[in-house]
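Engineer: sharing a model prediction with you, sequence too.
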Amino acid sequence: MNVIEFNNVSKKFKKGERFNSLRDSIPNFFRNIVSKNKNKEALDSKEFWAVKDVSFNIKKGDVLGIIGPNGAGKSTILKLLSRIMNPTKGEMKITGRLSALIEVTAGFHNELTGRENTYLNGTILGMTRKEIDSKFDEILEFSGIGEFIDTPVKRYSSGMYSRLGFSVAAHMNPDILLVDEVLSVGDIAFQAKCAQKMRELLDSGTTIILVSHNISLIQSLCKRVILLDKGEILKDGGPEEVIPFYESIIYAQREEELKKQIAHSDYKVKLDEELPVKISNVLIYNGTLEKKDSFSIGEPISIKIDYESREKLENPVFSLDIVRADGVLCCSSNSRDKNLAINTLTDKGSINIGLGEINLAPGIYVAKVAIWDKDMLHPYAMNKQNIFKIESGKLTTNVNAVFLPKISWERK
């Protein structure tokens, strides 16, 4: 039995739409009346589709994850489902009691106490006073607010505020639960309680729709995932299929951004003096000496540095840094630490660096190479334009890791 049916739903917005006064609202009211007679498919110059022709059905007890880049339409879908807004076109059907953990403190009033806000927010979410009475002690214990329950919430810390809001909504015992990035509220201990509560709801047969950028959480809780981009569904299936597809899109975007950054960084003042040595080329290749810029997890990687020396250099040092696209230094090495003695550098030559099965996690990386003086105080030449990618061949267990080492587990 489908508890949610989302049929060809679209929602459009107007860029910069704001109504700060009656003077703004009255013309908009009449514009809306007129627009009802217009073609809903048409967009004027200031409008855009936040969600466009999205369809999916969810059965009772299912857990659906919705992922996608910022602006993909994820939160808009949750707001449509929770009736915060109405679709421009299309139909929705919801069967059962729905609770939305979208903005957990949206119904709170700063001047009221935690106790008063518990009753206020619970009522907004559809609970009766009798229900709130029966669950009040459980809500209070879960939130950890304790002796501050009769204090005005304006005196709460942001963590206390969020914990109480989550506790009220999570104890509504809904048939359908909408969750939007709220499992990160509070400290680590409270986040663990949130995750445990989610699993209790799962075991009770609650249907859950979860929007999150936490791919590990999506992978852990969801059996089905929808990937959105620019308001449309790109892929719908199991996490083992959809998450690697999503990661490949993100990596491609990061690679393009990184290339633009590198190209932009080249626009700088050039010194007239010629460097004593230059790095003429950097090649990245696999174990079979095939030049590549894309590798599988665990595939051997080697780097070849070609140089041209204009003068005799005594005891130079070659270095390599591998940096992830977000700036994380993953590893660093130099020829001196590895006991490669280069007494002099003259004319042309090359240095080979074998990384072996480095087991970097999927992502975009930059190989930064440099030639230094013997004390590594002054770089003669640097090259940081070489980008390579580690592709995710299958769903990884920790998508935020830097390395995926070959680890064996054994119980004795």
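Structural biologist: Thanks, I have it.

Engineer: list the buried ones in the host helix or strand of residue 233?
Structural biologist: Element membership of residue 233 [criterion: DSSP states H and E] is strand 232-237. Using 16 or more other Cβ atoms under 10 Å as the test for burial, strand 232-237 gives 232-235. Every residue, glycine included, has its C-beta placed from N, CA and C.

Engineer: same list (those residues) but as CSV, adding distance to residue 274.
Structural biologist: Converted to CSV, those look like this (distance: Cβ to Cβ, whole Å):
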residue, distance to residue 274
232, 54
233, 56
234, 50
235, 53
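
Engineer: so which of those residues is the closest to residue 279?
Structural biologist: Checking those against residue 279 by Cβ to Cβ gives residue 234 as the nearest, at 40.0 Å.

Engineer: and the lengthiest helix in the chain, what does it pack onto?
Structural biologist: In terms of residue count, the longest helix belonging to the chain (DSSP state H) is helix 239-265. Helices and strands touching helix 239-265, by 3 or more Cβ pairs under 8 Å, 6 or more residues apart in numbering; DSSP states H and E, are strand 63-67, helix 215-221, strand 224-229, strand 232-237, strand 363-372, strand 379-391.

Engineer: what about the nearest residue to residue 352 once chain neighbours are set aside, how many residues nearby?
Structural biologist: Counting by Cβ to Cβ, 6 or more residues apart in numbering, residue 352 lies nearest to residue 304, which is 5.3 Å off, once chain neighbours are set aside. Neighbour count for residue 304, taken as other Cβ atoms under 10 Å: 16.

Engineer: surely residue 58 touches residue 65?
Structural biologist: No: assessed by Cβ atoms under 8 Å, residue 58 is found out of contact with residue 65, at 11.5 Å.

Engineer: mind listing the helices for the stretch 301-412 of the chain?
Structural biologist: Ranges of helices within the stretch 301-412 of the chain: none, based on DSSP state H, counting those that start in this stretch.

Engineer: residue ranges with poor pLDDT in it?
Structural biologist: Judged by pLDDT under 70, the stretch 301-412 of the chain has its weakly predicted residues at 393-400.

Engineer: same question, the stretch 101-250 of the chain
Structural biologist: Low-confidence segments of the stretch 101-250 of the chain, defined by pLDDT under 70: 103-107, 182-186.

Engineer: for it, which segments count as strands?
Structural biologist: 176-180, 207-211, 224-229, 232-237 (DSSP state E, counting those that start in this stretch).

Engineer: between those, which gets nearest to residue 334?
Structural biologist: strand 224-229 (41.7 Å).

Engineer: which strands and helices sit next to that closest one?
Structural biologist: Using 3+ Cβ pairs under 8 Å, 6+ apart, the elements in contact with strand 224-229 are strand 63-67, strand 232-237, helix 239-265.

Engineer: dump the residue contacts of residue 241.
Structural biologist: By Cβ atoms under 8 Å, 6 or more residues apart in numbering, the residues touching residue 241 are residue 235.

Engineer: ok, it to residue 375 distance?
Structural biologist: 53 Å (Cβ to Cβ, to the nearest Å).

Engineer: for residue 87, helix, strand, or coil?
Structural biologist: Secondary structure for residue 87, judged by DSSP: H, G, I helix; E, B strand; the rest coil, is coil.

Engineer: who's in contact with the closest residue in space to residue 111 that isn't next to it in sequence?
Structural biologist: Among residues not flanking residue 111 along the chain, residue 152 sits closest, at 5.9 Å (Cβ to Cβ, 6+ apart). Counting by Cβ under 8 Å, 6+ apart, residue 152 makes contact with 110-113.

Engineer: tell me what residue 152 is bridged to.
Structural biologist: On the basis of DSSP bridges, residue 152 is bridged to residue 113.

Engineer: pipe the strands of the stretch 101-250 of the chain into a markdown table and attach distance to residue 343 per row.
Structural biologist: A markdown table is the format used below for the strands of the stretch 101-250 of the chain (distance: least, Cβ to Cβ, whole Å):
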| stretch | distance to residue 343 |
| --- | --- |
| strand 176-180 | 62 |
| strand 207-211 | 60 |
| strand 224-229 | 55 |
| strand 232-237 | 56 |
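
Engineer: quick one: the residue nearest to residue 352 and residue 282 touch, right?
Structural biologist: Yes: in this structure, residue 304 is within contact of residue 282 by Cβ under 8 Å, at 7.1 Å.

Engineer: which of the helices and strands packed on helix 239-265 sits closest to residue 199?
Structural biologist: Here helix 215-221 is closest among these (Cβ to Cβ), at 7.9 Å.

Engineer: for the closest one, packing partners?
Structural biologist: Using 3+ Cβ pairs under 8 Å, 6+ apart, the elements in contact with helix 215-221 are strand 63-67, helix 188-203, strand 207-211, helix 239-265.

Engineer: the same query, at a cut-off of 6 Å, please.
Structural biologist: For helix 215-221, not one helix or strand is in contact under the criterion 3 or more Cβ pairs under 6 Å, 6 or more residues apart in numbering; DSSP states H and E.

Engineer: what's the spacing between the residue of the chain positioned farthest from its centre and residue 345?
Structural biologist: Distance from the C-alpha centroid of the chain peaks at residue 312, with 49.8 Å (Cα atoms, centre = their mean). Separation of residue 312 from residue 345 (Cβ to Cβ): 7 Å.

Engineer: can you check residue 276 too?
Structural biologist: 9 Å.

Engineer: of the two, who's got more company?
Structural biologist: residue 345 (21 against 16).

Engineer: specify the local secondary structure of residue 49.
Structural biologist: strand.

Engineer: tell me the contacts of it?
Structural biologist: The neighbourhood of residue 49, defined by Cβ atoms under 6 Å, 6 or more residues apart in numbering, consists of 12, 231.

Engineer: got the confidence number for it?
Structural biologist: On pLDDT, residue 49 comes in at 92.

Engineer: start at 24 instead
Structural biologist: Understood, numbering begins at 24; the last thing we discussed is residue 72.

Engineer: what bridges to it?
Structural biologist: So, taking DSSP bridges as the rule, residue 72 has residue 35 as bridge partners.

Engineer: that older thread, need the helices and strands packed on strand 247-252 in JSON lines with distance to residue 239, can you?
Structural biologist: Converted to JSON lines, these look like this (distance: least, Cβ to Cβ, whole Å):
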{"stretch": "strand 86-90", "distance to residue 239": "11"}
{"stretch": "strand 255-260", "distance to residue 239": "18"}
{"stretch": "helix 262-288", "distance to residue 239": "10"}
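
Engineer: sweet, I'm off.
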